[in-house]
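S.K.: Fold the following.
(one chain, ligands or ions: 1)
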Amino acid sequence: MKIIDGKACAQQIKDQITKEVEMIRAIGFRVPKLAIILVGDRPDSLSYVRSKEKTCKSLGMNCDTYLLPATTSEREIMDLIDRLNNDRTVDAILIQLPLPEHYDSAKILDFIDYKKDADGLHLMNVGLLHLGEPYVMPCTPKGIISLLETNNIDVAGKHAVVIGRSQLVGEPTAQLLIRQNATVTLCHSHTKNLSDITRIGDIIITAAGHPNLLKPEDFKEGAILIDVAINRTDEGLEGDVYSPRTREALEQRLSAATPVPGGVGPMTIAMLMQNVLDMYKIKNA
Ligand code: NAD
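M.R.: Predicted coordinates for the structure are as follows:
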């Protein structure tokens, strides 16, 4: 079984971004800037924000982070977004999700200028993706497609089974795979007899957030597993399928798989950085 190394692939992408940003700086231009808004005090969200900020700066780009208390009114958040939308030095805006429950997330996300929507979650960008003309792609689905391409996995004509239908991962991943001519089955929590479906899939993409969702024997011989999930268990980080317990049996069964950690996760952040640079380049073309 080939291990699809997301860490190495993400590093190549980040190295290329660093080179491009160095060139931008060398010719005396303003470098790209990401603005991140975090509302509330979830420790996991704060750690994701810090990691995005750190990566952005390590690639030579600028990053401004706005930490707002959960008591901030929707109006105040909108005012901040409005300022960032109109700030010509800001190329991309990211709102760390999930927002605390009392906010209308969709309304807030749609207030971002869709041309600065770093995560590709604005209604306009969701629509453009469905039309096959994406302006900006959501980071995790974009990372999955990039991993498949870099590893020369041609999805055209293959049966891809996507497990999970969230707007963040499953649904846009299914859309992108359809555009690449895969035959896609989209499964979710109401799907019956899941393993009957996975056993006939060529490429299985799991994003349910449930450790031990499937067993190695639930895949056909030679199938490819893209395990998106990040589950925190007593034994550490695990995917929906990939774990130290299943690795050996998966090796006998599959032709390729993404590990957890070190598979899709690093690609998500690399794709966010790519989105920031791409939005800068479109604006300054
Ligand atoms: P979500 O909770 O919004 O969606 C989960 C989806 O899985 C739902 O559509 C649900 O119907 C489906 N599901 C749940 N249980 C199921 C079951 N038993 N059988 C079939 N389908 C089932 O979660 P999300 O934001 O899409 O994230 C999913 C997982 O991916 C989580 O573990 C999350 O941590 C991980 N994730 C990883 C990255 C990354 O960069 N690797 C990025 C985002 C999310």
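
S.K.: can you give me the strands for this structure?
M.R.: Assigned by DSSP state E, the chain shows strands spanning 2-3, 33-39, 62-68, 92-95, 159-163, 183-187, 203-206, 224-227, 231-233, 236-238, 256-257.

S.K.: Direction included, what does the fifth one pair against?
M.R.: Spelled out, that is strand 159-163. Sheet pairing of strand 159-163 (DSSP bridges) gives strand 183-187 (parallel), strand 203-206 (parallel).

S.K.: go on, the first one?
M.R.: With DSSP bridges as the criterion, the sheet partners recorded for strand 2-3 are strand 256-257 (parallel).

S.K.: what residues does the strand it pairs with touch?
M.R.: 1-4, 151, 153, 224-227, 242, 250, 263 (Cβ atoms under 8 Å, 6 or more residues apart in numbering). Placement of C-beta: from N, CA and C, glycine included.

S.K.: Of those, keep whichever come out buried.
M.R.: Buried members of the contacts of strand 256-257, scored by 16 or more other Cβ atoms under 10 Å, are 1, 3-4, 151, 153, 224-227, 242, 250, 263.

S.K.: do you know which of the strands paired with strand 159-163 lies nearest the ligand?
M.R.: strand 183-187 (5.1 Å; Cβ to the nearest ligand atom).

S.K.: Could I get the contacting residues of the residue nearest to residue 56 when sequence neighbours are not counted?
M.R.: Leaving aside its sequence neighbours, residue 56 sits nearest to residue 63 (Cβ to Cβ, 6 or more residues apart in numbering; 3.9 Å). With contact taken as Cβ under 8 Å, 6+ apart, residue 63 is in contact with 33-36, 52-53, 56-57.

S.K.: where does this structure come near the ligand, residue by residue?
M.R.: Those residues of the chain that sit near the ligand, judged by Cβ under 6 Å from any ligand atom, are 140, 163-166, 168-170, 187-189, 191, 194, 207-210, 213, 228-231, 264-265, 268.

S.K.: Helices of the stretch 101-250 of the chain, residue ranges please.
M.R.: 105-109, 123-130, 139-150, 170-179, 194-198, 247-253 (DSSP state H, counting those that start in this stretch).

S.K.: What is the fourth one packed up against?
M.R.: Contact here means 3 or more Cβ pairs under 8 Å, 6 or more residues apart in numbering; DSSP states H and E; on that basis helix 170-179 packs against helix 123-130, helix 139-150, strand 159-163, strand 183-187, strand 203-206.

S.K.: export the ones you listed to JSON lines and tack on mean neighbour count and mean pLDDT?
M.R.: What follows is those, written out as JSON lines (neighbours: other Cβ atoms under 10 Å; pLDDT from 0 to 100):
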{"stretch": "helix 123-130", "mean neighbour count": "17", "mean pLDDT": "97"}
{"stretch": "helix 139-150", "mean neighbour count": "23", "mean pLDDT": "98"}
{"stretch": "strand 159-163", "mean neighbour count": "25", "mean pLDDT": "99"}
{"stretch": "strand 183-187", "mean neighbour count": "19", "mean pLDDT": "98"}
{"stretch": "strand 203-206", "mean neighbour count": "26", "mean pLDDT": "98"}
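
S.K.: Roughly how far does the nearest residue to residue 55 once chain neighbours are set aside sit from residue 248?
M.R.: In space, and not counting its chain neighbours, residue 55 is closest to residue 269: 5.5 Å by Cβ to Cβ, 6+ apart. Residue 269 sits 29 Å away from residue 248, going by Cβ to Cβ, to the nearest Å.

S.K.: just residue 129 next, same as before
M.R.: Residue 129 is 38 Å from residue 248, by Cβ to Cβ.

S.K.: Next: residue 106.
M.R.: 43 Å.

S.K.: need the contact list for the single nearest residue of the stretch 1-150 of the chain relative to the ligand.
M.R.: Nearest to the ligand in the stretch 1-150 of the chain, going by Cβ to the nearest ligand atom, is residue 140, at a distance of 4.2 Å. In this structure, residue 140 makes contact with 168-169, 173, 207, 228, 264, 267-268, 271, judged by Cβ under 8 Å, 6+ apart.

S.K.: on that earlier part again, can I assume the residue nearest to residue 55 is in contact with residue 139?
M.R.: Yes - using Cβ atoms under 8 Å, residue 269 makes contact with residue 139 at a distance of 7.4 Å.

S.K.: Among the residues of the chain next to the ligand, the buried ones, what's the ChimeraX command?
M.R.: This is the ChimeraX syntax for the buried subset of these, where burial follows 16+ other Cβ under 10 Å:
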select :140,163,164,165,168,169,170,187,194,207,208,213,228,229,230,231,264,265,268
